[in-house]
Every structure is written in structure tokens, then in C-alpha cells.
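[1] dropping the sequence and predicted coords here.
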Amino acid sequence: MGYPGQRPVIPPQSHRDDRETLVSEHKHKGKTCRQSAAVFNVVNSIIGSGIIGLPYSMKQAGFPLGILLLFWVSYVTDFSLILLIKGAALSGTDTYQSLVNRTFGFPGYLLLSVLQFLYPFIAMISYNIITGDTLSKVFQRIPGVDPENLLIGRHLIIVLSTVVFTLPLSLYRDIAKLGKISLISTVLTTLILGIVVARGVSLGPHIPKTEDAWIFAKPNAVQAVGVMSFGDLFENYCRNDDLVTFGRFCYGVTVILTYPIECFVTREVIANVFFGGNLSSVCHIIVTVVIITVATLVSLLIDCLGIVLELNGVLCAAPLIFIIPSACYLKLSEEPRTHSDKIMSCVMLPIGAVVMAVGFVMAVTSPQDCSHGQEMFYCSPDNFSLTNISISHFQLTTQLSILNVSIFQ
């Protein structure tokens, strides 16, 4: 240590080593944080609000076949990602869009961009509708609040949630900053799962057996494969159930926290197509505001997206997962036809085409009914022995012949 006013003498080599160590630790910490954020963002985008719709998909397919399809679609999705990575290595590209551009030229690039934009954009619209429908039921349970009050109407809730929450979160330029938000959403999803399990245990002894509960397959299995069916599990519960009301609140918050991730995708597509991949600060704000404004206006005009969501699943999701990755790999790869990857690609491509064609026909000829805000028959006072089922043991009367809360309908 030197005298007062004298600078300490530090060996140059030691100073350089210490600095390299500090920089290395900082980079490692930053890399770890970004990886954690990426994990939570992926989990939020995959599980997020979609987990509430899984029971309806199982119902459409038949429970045993639905379980098999769940694992099969998971495997196919994982294999599609592997094909994209291999295709990128063969073409010398590093993004989905550049891979398709290199493989099929500008027409393929434009088609992929349209699909990549429409799929999350329609999801944003559906999230707004779900938020308005779900939180309006929550606010109606507040003592002294008139259910017909415009301040708790779905339209005002959609506008307020957009202005206060989803728009500010969507203005982030770095998606890694949403990692903590996605963590909160994942925790809330776990709480929702616990509430559903608790109510399943409470209602289980009182639920009449369903005749075709364990039937292996049903004609609507294509709807489950196309991921085009959305059924809100909470619609099966009564509005005067306080525990389920808390679950609805958690679900509404989860949807709000998932919304910005979809907005990131739509904005990224627009940036790549029209701005060469780079947005200035002003353009970033303008594009984000325009996207969210259009999505909000559409969600205010429509209160039932059944046919739209169905078509979104079969016309957008199926090509993105099944068809395009397989087509790119088959065109770029020089492996023999008997190679396992080529065989799997040759299987995935026609299956994707079948899902698109059959799903489109079913969506047009047999659209989903919209039972927006309709209470189940067993929620009426005539069928319940207690007024508030949140503090009861769900003592159902013998008048209940069917209970739609079961996912094995």
C-alpha cells in the first residue's frame, strides 16, 4: 500500500488477469440470466394459457387417443425443430425466414412471413377476448357490484388491460426482459392446475359416469391435431365458486402476461419484411402501437372466435409445424431416401396436408358453437343445495344426470 497521495503500484499482468476474470464472470452471469429468461419465455409461450384448452382437445379426440396425440405432436414439434436446424446448417442460414428464402425463394419467404404473422396476431386477438370474458366474471363477484355495470364490462376491461399492461410490456425491445414476467405466468399456471385438481377431487364422487368417457377415438380427432380447438375449462364451473373465481383471476393474468410474447413475433416479422430486420426507436413504437391497436379493435368487435381460431390452427399452425420444415429438409438434404430423417419428413408432409384439408372442411361444415358467458344447468339454485359452492363440499342433488366439468364428456 502506498503513501497518502501516491497511487498504488499494480503489476500490469496481474491487473490484466483480474480484469479478464471480472469481464468473464460478468459475461457468464449475463449469459446465464438470458438463458433463464429464454427458458421461462418458452415455457410461458408453450404452456401459458393453452393448458386450459387441453381438456377440450382431449374431449374432441377421445381421452386415450388424445393422450397419444399429445405425445405424438410433441415429438413431431421437436423433430421439426431438428429439421430446421439441419436445414439451416445445409443452407448456411440462421433463421426460419432466411432458410425458406434460400430454399424456395421470395414466394416461399412471403408465404412463411404471412403465416408467422397471422398465427400470433390471431392469438393476440383471442387473448384480449379471453381477458375480457374471464376478468369480467371475476369483478362480478365483488360484493355490491352490479353485474350489468359497464365499468366491469368486457370491452372496458380489454381496453384497460391493453393500455395499462400489454402495451407497456410489448414495448420492450429485448424479449429477455420478459423472463420474470414469464416466471410469474408459470407460477400462476401451477396455481390454476392446483385449483382444477382440488375441484376435481371435490366433485369426483358426485359426477355421474359418462358412457363414452374412455372411448379410444372420436371423429373430431383432427381438431386436436390441428391445435385449433379452444375450450375454456373454467366455463364448466359456477360463477359463485370463490376458489374458481380466484383461478379465473390467475388465468386472466396469465393470458395478459403471455400476450407480449405474441406481439414480439408479429413485430419481428414486420421488421424483417419491411425494414430489413432493424427498427429505429420511433418505428419500433409506431409498429407496436399499430399492431396492438388493430388487435384490440378486432377483439372489441368480435366476442366469439370459434371459426377464426379453428382456421388459424389448420391453415397456419399445421404448415409451420408439419409441412414447411419437412419440405425444406427434403429439398436441401442429399441423404439417401432410406435415411431416417427423410422417411420421417416424407411422413410428416402428407400428414400436415391431410390435417389442413380435413380440418378446413370440418371447420367450415361443423363450426364450434359459441356459448359465450352461458352458465351450466347445474349452477341453477334448483340443482344446488347450497348457494356458495366455495365453502361447501359440492353436495349435488340427484337431479344432476350429466356434469360437463368432466373432461371425459
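    Perfect, I can see it now. Numbering: from 1, shown residues only.
[2] who are the packing partners of the helix or strand harbouring Gly105?
    If you go by DSSP states H and E, Gly105 is part of helix 96-139. Applying 3 or more CB pairs under 8 Å, 6 or more residues apart in numbering; DSSP states H and E, one finds that helix 96-139 contacts helix 63-91, helix 154-161, helix 242-274, helix 281-301, helix 306-312, helix 324-332. No exception for glycine: its C-beta is placed from N, CA and C like everyone else's.
[3] now do it, average pLDDT.
    Averaging pLDDT along helix 96-139 gives 90.
[4] so it versus helix 154-161, what angle?
    Per axes from the mean of the first three to the mean of the last three CA atoms, to 10 degrees, the angle that helix 96-139 makes with helix 154-161 is 120 degrees.
[5] ok now helix 96-139, how far from the chain's centre?
    On the basis of CA atoms, centre = their mean, to the nearest Å, helix 96-139 sits 11 Å off its chain's mean C-alpha point.
[6] give me the angle between it and helix 63-91.
    When the same axes, to 10 degrees is applied, the directions of helix 96-139 and helix 63-91 differ by 140 degrees.
[7] give me the angle between helix 96-139 and helix 281-301.
    Using the same axes, to 10 degrees: helix 96-139 against helix 281-301 is 50 degrees.
[8] re the thing from before, among the helices and strands packed on helix 96-139, where is the model least confident on average?
    Mean pLDDT values for the helices and strands packed on helix 96-139 show the minimum at helix 306-312, a mean of 71.
[9] buried residues in stretch 144-159?
    With burial defined by 16 or more other CB atoms under 10 Å, the residues of stretch 144-159 counted as buried are Ile152, Arg154, Ile157, Ile158, Val159.
[10] contact partners for the first one?
    Contacts here follow CB atoms under 8 Å, 6 or more residues apart in numbering; on that basis Ile152 touches Ser136, Phe139, Gln140, Val145.
[11] for the residues you listed, pick the one with the most neighbours.
    Of all the contacts of Ile152, the highest neighbour tally under other CB atoms under 10 Å goes to Ser136, namely 21 neighbours.
[12] skipping its backbone neighbours, what lies nearest that one in space?
    Distances taken as CB to CB, 6 or more residues apart in numbering place Arg154 nearest to Ser136, at 4.9 Å, with adjacent residues excluded.
[13] if I look at that neighbour, how far off is Ala318?
    From Arg154 across to Ala318, the span is 30 Å (CB to CB, to the nearest Å).
[14] equivalent analysis for Val196, please.
    Separation of Val196 from Ala318 (CB to CB): 28 Å.
[15] between these two, tell me which one has more neighbours.
    Legend: neighbour count by other CB under 10 Å for Val196 and Ala318, higher for Ala318 (26 against 21).
[16] measure the more buried one to Thr166 for me?
    27 Å.
[17] what of Thr103?
    Applying CB to CB, the value for Thr103 to Thr166 is 35 Å.
[18] and these two? which has more neighbours close in?
    Higher neighbour count among Thr103 and Thr166: Thr166, with 26 against 20, using other CB under 10 Å.
[19] okay, now Asp212: neighbour count?
    Using other CB under 10 Å, Asp212 has 11 other residues around it.
[20] where does it sit: helix, strand or coil?
    coil (DSSP: H, G, I helix; E, B strand; the rest coil).
[21] what distance do you get for it to Met362?
    Separation of Asp212 from Met362 (CB to CB) stands at 19 Å.
[22] which ones are touching Cys316?
    Going by CB under 8 Å, 6+ apart, Cys316 touches Leu115, Leu118, Tyr119, Ile122.
[23] name the nearest residue to Ala38, sequence neighbours excluded.
    Nearest one to Ala38, counting by CB to CB, 6+ apart, is Ala176 at 6.8 Å.
[24] so what's the residue count around the one you found?
    When neighbours are counted by other CB under 10 Å, Ala176 registers 16.
[25] kindly state the pLDDT recorded for it?
    As predicted, Ala176 sits at a pLDDT of 79.
[26] in this structure it contacts Gln35, no?
    No - under the criterion of CB atoms under 8 Å, Ala176 is not in contact with Gln35, lying 9.2 Å apart.
[27] right, and Lys342 touches Pro336 too?
    Yes - counting by CB under 8 Å, Lys342 touches Pro336, with 7.4 Å between them.
[28] of the two, which one has the most company?
    More neighbours surround Lys342 than the other of Lys342 and Pro336, with 16 against 7 (other CB under 10 Å).
[29] so what does the nearest residue to the more buried one once chain neighbours are set aside look like in phi/psi?
    Using CB to CB, 6+ apart and skipping the chain neighbours, the partner closest in space to Lys342 is Glu335 (5.7 Å). Note on Glu335: backbone dihedrals following degrees, to the nearest 10 are phi -70, psi 150.
[30] distance check, Glu335 against Cys346.
    Distance of Glu335 to Cys346, given as CB to CB: 12 Å.
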